[in-house]
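# Turn this into a structure:
(chains A and B)
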Amino acid sequence: MKKYRHETVAGIFVFIGLLCVAYLVIRLGEVSLFSRDAYTLFAHFTSVSGLRIGSPVEMHGIEIGRVEAMEIDQPNQRAIVTFRIKKGIQIYDDAIASIKTAGLIGDRYVSIDPGGGGDILKPGQIITETESPVDIEGLIKRYAFGEVK
Amino acid sequence: MNITRGKTHTSAEKNPLPLISLLGRRAIYVIQDSGALFIFMVKSMVMIFQPKQLPLILEHIYSIGARSTLIVLLVGLFTGMVLGLQLFHTLVKFGSAGVLGSAVALSLVRELGPVLTAIMVTARAGSAMAAEIGSQRISEQIDALFTMRIDPVRYLVSPRIAASIISFPLLTAMFDLIGIIGGYLTGVLLLGVNAGSYFYRVQSSVEMEDITSGFVKAVVFAVIVSTVCCFQGYFTHMQKDSYGAKAVGVSTTSAVVLSCVLILISDYVVTSLLL
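Residues are numbered from 1 along each chain as shown, chains lettered A, B, ... in the order given. Okay, the predicted model is just below:
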């Protein structure tokens, strides 16, 4: 035992260090979140200003997914956003996706009102009703130039 | 390949411009010295992959990494605690104490973790490297190794560099985590930030890029610290104005000072390259 004391202590050190690295990478780096147990939905917006890939998608204030991709649909002049939504979350075809801001100067996120009137959306389908973010700068400009009565 | 440090030229004839030539002499010395350091680094990095290095590397992981764990954890805990305290009082002015978690976690993972770990390990293990190799040099043990046809760079320097490259990122990871816990202690338990929002902010703000850039820095610092400290110790006998035991002290001092300066300079360079 005494002969291998240094090796043992070095081994314990490396083991604990690797555990810390793994925790940092997996928990904080979010390497594989929702990768398997998720399905894809799409939505069209006129503007996705401030939204980022990886922004949270919430329903009733609870995170149910993330923004996976954002592309421009040039012929129709709009933005297509791809969501990854947790499996088991049911969203109906009259759902409303709106881009909101957390707090006054916080990050943008997508809030989904699940609806409830029609059929349940299948993976790959499109949320038709959307609300683009409130343009605070534009509002202030309008207020400053007296267009708001 | 034999590496030597730069020698300065001295002659008896009259010097027409003493100050200018002094400047030139210093410049040539610095350039030769950094060239020697670079060759030393490349040679000892190549020697890592020679056979039978693993037991030596393990021994040095024990002395460089495992025995630095306690001091790194202590420094990390208190760094996190003071960050929590300071940032809370700044953030509360803007009414956004909730983002304390992201402020603490990002500054630890990106900057403070790698830099403070490297400086603490320089103070603990880097000085020991320089002093140990330096006293082996002045007691002619390195020459004895050479006569026994054992390459002293391979036997003394390469395992230390390899052990540093392994230990520094691991110590940095420990520092980051214990620092986040320290921020939790002051921010949540002492000052009353919501615990859920602290950990949510920590998780949501730290991205994979931040973590990789922290580890890239840790590896760069490992190479710099171990190379500089071993270099200073290895060439203790070529000190200009001191010899013997005094030279060991001088080379230990210059190893620590040079390592710390190079850590901070290379931190800036690496950050600007990665951003």
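# Need the distance between the two termini of stretch A:95-108.
The first residue of stretch A:95-108 is 19 Å away from its last residue (CA to CA, to the nearest Å).
# Next: stretch B:175-194.
Span of stretch B:175-194 from end to end, CA to CA: 23 Å.
# what residues does whichever strand or helix holds A:S111 touch?
When elements are assigned from DSSP states H and E, A:S111 belongs to strand A:108-113. Contact partners of strand A:108-113, identified using CB atoms under 8 Å, 6 or more residues apart in numbering or on different chains, comprise A:43, A:49-52, A:55-59, A:64, A:67, A:81, A:83, A:91, A:95-102, A:127, A:133. From N, CA and C alone the C-beta is placed, and that goes for glycine too.
# Next secondary structure element downstream of the worst-scoring helix or strand of chain B on mean pLDDT?
For chain B, the helix or strand with the lowest mean confidence is helix B:195-205, at a mean of 84 (criterion: mean pLDDT, DSSP states H and E). Heading C-terminal from helix B:195-205, the first helix or strand you meet, by DSSP H and E, is helix B:208-234.
# right, and the helix or strand after that following helix?
Defined by DSSP H and E, the subsequent element after helix B:208-234 is helix B:245-274.
# Which secondary structure elements does that next one sit against?
The contact analysis (3 or more CB pairs under 8 Å, 6 or more residues apart in numbering or on different chains; DSSP states H and E) places helix B:245-274 against helix B:113-121, helix B:127-138, helix B:208-234.
# Pull the distance from it to the chain's centre.
Centroid separation for helix B:245-274 versus its chain: 7 Å, with CA atoms, centre = their mean, to the nearest Å.
# Check which residues of it are buried.
Residues B:247-252, B:255-256, B:258-260, B:262-263, B:266-267, B:270 are the ones in helix B:245-274 that count as buried (16 or more other CB atoms under 10 Å in any protein chain shown).
# quick one on the thing from earlier: would you mind finding the most buried of the helices and strands packed on helix B:245-274?
Among these, ranked by average contacts under mean count of other CB atoms under 10 Å in any protein chain shown, first place goes to helix B:113-121 (a mean of 25).
# Quick one: list the elements packing against that helix.
Using 3+ CB pairs under 8 Å, 6+ apart: helix B:113-121 touches helix B:69-91, helix B:158-184, helix B:208-234, helix B:245-274.
# Redo those as a markdown table? Include mean pLDDT.
As requested, the helices and strands packed on helix B:113-121 are exported to a markdown table (pLDDT from 0 to 100):
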| stretch | mean pLDDT |
| --- | --- |
| helix B:69-91 | 93 |
| helix B:158-184 | 95 |
| helix B:208-234 | 93 |
| helix B:245-274 | 93 |
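# Of those, give the one that comes closest to B:L19.
Of all the helices and strands packed on helix B:113-121, helix B:245-274 sits nearest to B:L19, with 24.5 Å by CB to CB.
# Check which element follows the strand holding A:S111 along the chain.
Remark: after strand A:108-113, the chain's next helix or strand is strand A:126-127, criterion DSSP H and E.
# Listing partners with orientation, what would you give for that following strand?
Strand A:126-127 sits in its sheet next to strand A:38-45 (parallel), going by DSSP bridges.
# What average pLDDT does the strand it pairs with get?
Computed over strand A:38-45, the mean pLDDT rounds to 86.
# Now do the helix or strand just after that strand: which elements does it pack against?
Per DSSP H and E, the first helix or strand lying C-terminal to strand A:38-45 is strand A:56-59. With contacts taken as 3+ CB pairs under 8 Å, 6+ apart, strand A:56-59 sits against strand A:62-73, strand A:108-113.
# mind putting those in a markdown table, mean pLDDT included?
Below are the helices and strands packed on strand A:56-59 laid out as a markdown table (pLDDT from 0 to 100):
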| stretch | mean pLDDT |
| --- | --- |
| strand A:62-73 | 85 |
| strand A:108-113 | 86 |
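# most packed of the ones you listed?
Ranked by mean neighbour count, those are led by strand A:108-113 with a mean of 20 (mean count of other CB under 10 Å).
# Spatially nearest residue to whichever residue of chain A sits closest to chain B (excluding sequence neighbours)?
For chain A and chain B, the shortest gap (CB to the nearest CB) falls at A:G17, measuring 2.6 Å. Of all residues not flanking A:G17 in the chain, B:L170 sits nearest, at 2.6 Å (CB to CB, 6 or more residues apart in numbering or on different chains).
# Likewise for B:I119?
Going by CB to CB, 6+ apart, B:I119 has B:C260 as its nearest residue, at 5.8 Å.
# Surely the one you found and B:T122 touch.
Yes - the pair B:C260 and B:T122 passes the contact test of CB atoms under 8 Å, sitting 6.1 Å apart.
# What mean pLDDT does the longest helix along chain A get?
Determined from DSSP state H, the single longest helix within chain A is helix A:5-23. Mean pLDDT, helix A:5-23: 87.
# With only the CA atoms kept, save it in CSV.
C-alpha atoms of helix A:5-23 as CSV (Å, rounded to 0.1, in the frame of the first residue of the first chain):
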residue,chain,number,x,y,z
ARG,A,5,0.4,5.8,-2.1
HIS,A,6,1.4,8.6,-4.5
GLU,A,7,-0.1,6.8,-7.4
THR,A,8,-3.4,6.2,-5.5
VAL,A,9,-3.6,9.9,-4.5
ALA,A,10,-2.8,11.0,-8.0
GLY,A,11,-5.5,8.6,-9.3
ILE,A,12,-8.1,10.0,-6.8
PHE,A,13,-7.1,13.6,-7.9
VAL,A,14,-7.5,12.8,-11.6
PHE,A,15,-10.9,11.0,-11.0
ILE,A,16,-12.4,13.9,-9.0
GLY,A,17,-11.0,16.4,-11.5
LEU,A,18,-12.6,14.5,-14.4
LEU,A,19,-15.9,14.4,-12.5
CYS,A,20,-15.8,18.2,-12.2
VAL,A,21,-15.0,18.5,-15.9
ALA,A,22,-17.9,16.2,-16.7
TYR,A,23,-20.3,18.2,-14.5
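# what separates A:E131 from B:V223, distance-wise?
Distance check for A:E131 against B:V223: by CB to CB, to the nearest Å, it reads 53 Å.
# Flag every buried residue along the longest helix of chain A.
By neighbour count with 16+ other CB under 10 Å, helix A:5-23 contains the buried residues A:H6, A:V9, A:A10, A:F13, A:V14, A:G17, A:C20, A:V21.
# what is the orientation angle of that helix with helix B:208-234?
On the basis of axes from the mean of the first three to the mean of the last three CA atoms, to 10 degrees, helix A:5-23 is oriented at 150 degrees to helix B:208-234.
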